[in-house]
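**Student:** Give me the fold of what follows.
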Amino acid sequence: MSVTHLVVDLGGVLFRFDHAKRLDVLAGVFGLPAGRVHELLWESGFSADCDSGRYASAARVRARIRALVGFDGGDAELDEAWCSAFEPDPAVLATVVGGRGGRTLSLFTNNGPLEEEVLPRLHPDAFAPFDHLFFSWRLEGRKPDPAAFAAVAAALDATGDEILFVDDSAVNVAAARAAGWQGVRFDRSGLELA
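**Tutor:** Numbering: from 1, shown residues only. Modelled structure (predicted):
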């Protein structure tokens, strides 16, 4: 069968992803050392819980962040700080959109409800070309969990051989291939078959 669906990752592919930058921005906003922010929000498992759907809305994520770090500022400041790791890569987006042909174009990312609400608002042009946005918090699992790949394929009503998946993680590409998808690993120097 021919590929009818192009599915791409967000952080590390369409957007440059800089976690250290985000930690510095959050540290400044919260008035805490970056290491403490990392401990409270990532090492604790909170971020993974967000990606896995433990928090059913961006408002609940914000409330939990406030409780964990003692932040009492506004939503806009928190939203921008939380999403500061993500920077669109216009060249990659142009390549992906230009290479889609007649295929549907979908985003498949391990992220929670706060990113789903905020990133399209901050970067509307980067999200406009997509037919589907698959954020892990809405799925049955996160990449590389087979259930996440199955949920995306079911939502697309597609068989694995109809899906071409692009991700910067070799583990995620291998999981896609194990699910029967075609997988290509992306790195900043271009696309490479992994």
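**Student:** Kindly report the domain assignment for this protein.
**Tutor:** The chain breaks down by automatic domain parsing into domains covering 5-16+87-192, 19-82.
**Student:** which stretches of the chain form helices?
**Tutor:** Secondary structure of the chain (DSSP state H): helices located at 19-30, 34-38, 46-51, 58-69, 75-82, 90-98, 113-122, 124-127, 146-156, 170-178.
**Student:** Give me the residue ranges of this protein where confidence is low.
**Tutor:** 1, 189-194 (pLDDT under 70).
**Student:** Pick out the residue nearest the middle of it.
**Tutor:** Central residue of the chain (Cα atoms, centre = their mean): residue 109, 3.2 Å from the mean position.
**Student:** and the gap between that residue and residue 83?
**Tutor:** As judged by Cβ to Cβ, to the nearest Å, residue 109 and residue 83 stand 12 Å apart. Placement of C-beta: from N, CA and C, glycine included.
**Student:** what's the answer for residue 102, then?
**Tutor:** Taking Cβ to Cβ, one finds residue 102 at 32 Å from residue 83.
**Student:** Show me which of these two is the more surrounded one.
**Tutor:** Neighbour totals were compared for residue 102 and residue 83, and residue 83 leads with 21 against 6 (other Cβ atoms under 10 Å).
**Student:** didn't that one look like it was pressed against residue 117?
**Tutor:** No. Residue 83 is beyond contact range of residue 117, at 9.6 Å (criterion: Cβ atoms under 8 Å).
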